[in-house]
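Engineer: this is the structure alone, sequence omitted:
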Ligand SMILES: Nc1ncnc2c1ncn2[C@@H]1O[C@H](COP(=O)(O)OP(=O)(O)OP(=O)(O)O)[C@@H](O)[C@H]1O
């Protein structure tokens, strides 16, 4: 069974002004695809073709104009949203950090009701820190002082510790050097290999990265209708 299925989905482009009479323009339309377990799917398309928007629609952060997305054979509208979001995690290029230390940021997600059955696992976090060559003292750094790249690392660890089923990686290595980027790619590959029911979707402005990490690609192009 596919983890995710998109059926004839479409998203309208936001019009510059609500008052002027303009024909509806679609970023993408009639888009259908399936994501099978074990797949790393690359979303490919020029700037502004709606790659982030598609990831955000899958994460239920932006509405679709038409069509349906199904996760584990159930329409997104039928899912309990917090439960869905505990399994399907969207990683933004510029992650939001909460106040407090790195460790406080990693622990904060367990305060959400949907994660209340899970426990913060310091051993798992230590292993993840090692993956990124970070000393355990990194946990005590104030999150407000982190660089863009360090914030991305914390956001990736924050997500991976929750063992999601589907990761939506929106240019998640954009602020990282090549060595750290490689470490992220390895961490994602290990997470994927640990459970055959997992999958992820990448967007990246680096075509070589898309070639390197993904085994399927979906090309988005402007809808001409
Ligand atoms: N909620 C929304 N509904 C419709 N259109 C949107 C919405 N949010 C942003 N847009 C517009 O959709 C277009 C695509 O934006 P998006 O960020 O998804 O592109 P992208 O392919 O990820 O671009 P890039 O490669 O630059 O990251 C932009 O013109 C943006 O203004």
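Structural biologist: Right, received. Where do you want to start? Just so it is clear, the structure is predicted and the values come from calculations on it, not from any experiment. Residues are numbered from 1 along each chain as shown.
Engineer: can you get me a residue count around residue 140?
Structural biologist: Per other C-beta atoms under 10 Å, the neighbour tally for residue 140 reads 10. All C-beta atoms are positioned from the backbone trio N, CA, C, and that covers glycine.
Engineer: which residues of the protein fall in strands?
Structural biologist: For the chain, the strands defined by DSSP state E occupy 4-12, 26-35, 40-44, 66-71, 74-75, 88-91, 166-170, 199-203, 216-219.
Engineer: need those strands in TSV with mean neighbour count, can you?
Structural biologist: Listed next are the strands of the chain as TSV, based on neighbours: other C-beta atoms under 10 Å:
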stretch	mean neighbour count
strand 4-12	18
strand 26-35	18
strand 40-44	22
strand 66-71	17
strand 74-75	11
strand 88-91	22
strand 166-170	23
strand 199-203	24
strand 216-219	14
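Engineer: which parts of this structure are helices?
Structural biologist: 51-58, 81-87, 102-108, 122-131, 148-160, 178-193, 207-213 (DSSP state H).
Engineer: check which helices and strands the first one is in contact with.
Structural biologist: Read it as helix 51-58. Here helix 51-58 touches strand 4-12, strand 26-35, strand 40-44, strand 88-91, strand 166-170, strand 199-203, going by 3 or more C-beta pairs under 8 Å, 6 or more residues apart in numbering; DSSP states H and E.
Engineer: write out the residues of the protein neighbouring the ligand.
Structural biologist: Residues of the chain lying near the ligand by C-beta under 6 Å from any ligand atom: 11, 13-14, 27, 45, 47-53, 62.
Engineer: report the buried members of those.
Structural biologist: 11, 13, 27, 45, 49, 50, 51, 52, 53 (16 or more other C-beta atoms under 10 Å).
Engineer: out of those residues, who's nearest residue 158?
Structural biologist: Of all those, residue 52 has the smallest distance to residue 158: 19.5 Å, by C-beta to C-beta.
Engineer: could you export the buried ones among the residues of the chain next to the ligand as JSON lines, including pLDDT?
Structural biologist: Listed next are those as JSON lines, based on pLDDT from 0 to 100:
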{"residue": "11", "pLDDT": "92"}
{"residue": "13", "pLDDT": "83"}
{"residue": "27", "pLDDT": "90"}
{"residue": "45", "pLDDT": "91"}
{"residue": "49", "pLDDT": "91"}
{"residue": "50", "pLDDT": "93"}
{"residue": "51", "pLDDT": "95"}
{"residue": "52", "pLDDT": "95"}
{"residue": "53", "pLDDT": "95"}
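Engineer: ok, the residues you listed vs residue 136, which is closest?
Structural biologist: residue 52 (33.8 Å).
Engineer: who does the closest residue to the closest one other than its chain neighbours bridge with?
Structural biologist: Spatial nearest neighbour of residue 52, chain neighbours left out: residue 170 (5.4 Å); criterion: C-beta to C-beta, 6 or more residues apart in numbering. Judged by DSSP bridges, the bridge partners of residue 170 are residue 203.
Engineer: so residue 170 makes contact with residue 89?
Structural biologist: No: counting by C-beta atoms under 8 Å, residue 170 stays clear of residue 89, with 10.9 Å between them.
Engineer: how many residues are close by the closest residue to residue 82 other than its chain neighbours?
Structural biologist: Nearest-residue entry for residue 82: residue 114, 3.8 Å, with adjacent residues in sequence omitted and distances by C-beta to C-beta, 6+ apart. A count of nearby residues for residue 114, using other C-beta under 10 Å, gives 17.
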